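S.K.: Show me the folded form of this:
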Amino acid sequence: MNNQSSINDFYVGLPKLLLFLLSTLIFLGFLSCRQVIPPPQTAIALPSPPGPLSTPARPSPEETALTARAVVDIPPPVPILPPLEDKIKLLPPESWKIVIKKNQRKLLLFQQGELMKIYPVDLGEKPIGPKLHHGDMKTPEGEYRVIAKKEQEQTKYYLAFLLDYPNESDRIRYELALKNNRLPKDIGIGGLIEIHGGGKGVDWTQGCIALLNPHMVELFNQIPVGTTVWIEP
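M.R.: Below you'll find the predicted structure:
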């Protein structure tokens, strides 16, 4: 009878034991889930702090010398201009004409009939009237031609055009004055009348026509020998 009672008690308590074991297993499983190791994190590379700015490498003295030599050895382009004498040859004396107006103290330069430029001039100390003889300090009047061009070493007046004074009209006037006893027999007709530099802004020459030196350079570089020069009162 006692054995039967013990067996009954065992079977009666068995469900409770199983329930206890099951609860224990569930609890242990819950704990194991909470202790799961997290996945490893991927490391993020941070940018390194900026370093000092790099300095460009300086060229060596040999490289600097070669560069400077290359610059010096290449000259700048120079425009090629035709020589001035070639320009003069293209314009014959007939293309030019000089007109001097004594009463206006002006020199007018014409090229092929067109007025190109006007220059102020100085005359002889006694400019009124035509030149008659040597030493009368007058500037001649009439038509003349340039018979020579004088460089700086050939004249004391910078540059000069030598005119063909006296011309035929001047000789006739001079001979007539001698014949009428208007001149001493020992006075010559004169000569060496020029258009030259050394202008002063007043009448100071012995009969020549004077221009400022820069103006004389302009004329000298354009006017050829043989150009007509007309001198008006």
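
S.K.: Let me see the mean pLDDT of stretch 225-233.
M.R.: Computed over stretch 225-233, the mean pLDDT rounds to 97.

S.K.: now swap in stretch 124-138 and tell me
M.R.: Per-region confidence: stretch 124-138 scores 94 on mean pLDDT.

S.K.: count of residues packed around G199?
M.R.: The number of residues packed near G199 is 22, by other CB atoms under 10 Å. In this view, the C-beta of every residue, glycine as well, is placed from N, C-alpha and C.

S.K.: Just confirm it contacts L212, I think it does.
M.R.: Yes. Counting by CB atoms under 8 Å, G199 sits close enough to L212 to count as a contact (4.2 Å).

S.K.: Now for the two: what residues contact both?
M.R.: Common contacts of G199 and L212, defined by CB atoms under 8 Å, 6 or more residues apart in numbering, comprise P120.

S.K.: Now E151: closest residue in space, sequence neighbours ignored.
M.R.: Nearest non-adjacent residue to E151, counting by CB to CB, 6 or more residues apart in numbering: L159, 6.9 Å away.

S.K.: correct me, but that neighbour touches E153?
M.R.: No. Using CB under 8 Å, L159 is not in contact with E153; the gap is 10.5 Å.

S.K.: if you count what's nearby, which of those two comes out ahead?
M.R.: Taking neighbours as other CB under 10 Å, L159 and E153 compare with L159 leading, 22 against 6.

S.K.: Can you show me the helices along the chain?
M.R.: 2-34, 61-73, 84-90, 168-179, 213-220 (DSSP state H).

S.K.: Show me the longest strand that occurs in the chain.
M.R.: Ranked by residue count, the top strand of the chain under DSSP state E comes out as strand 142-150.

S.K.: what is the orientation angle of it with helix 213-220?
M.R.: Strand 142-150 runs at 100 degrees relative to helix 213-220, counting by axes from the mean of the first three to the mean of the last three CA atoms, to 10 degrees.

S.K.: Flag every buried residue along strand 142-150.
M.R.: 142, 144-146, 149-150 (16 or more other CB atoms under 10 Å).

S.K.: picking that back up, any idea which of the helices of the chain scores lowest on pLDDT?
M.R.: Per-stretch mean pLDDT for these is lowest at helix 84-90 (a mean of 48).

S.K.: Dump stretch 209-220 to CSV, keeping only the CA atoms.
M.R.: Only the C-alpha atoms of stretch 209-220 are listed here, as CSV (Å, rounded to 0.1, in the frame of the first residue of the first chain):
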residue,chain,number,x,y,z
ILE,A,209,66.9,131.6,-95.9
ALA,A,210,67.2,130.0,-92.4
LEU,A,211,64.9,127.4,-90.8
LEU,A,212,64.9,125.8,-87.4
ASN,A,213,67.1,122.7,-87.4
PRO,A,214,64.3,120.1,-86.9
HIS,A,215,62.5,121.7,-89.9
MET,A,216,65.7,121.6,-91.9
VAL,A,217,66.1,117.9,-91.2
GLU,A,218,62.6,117.2,-92.6
LEU,A,219,63.3,119.1,-95.8
PHE,A,220,66.8,117.7,-96.2
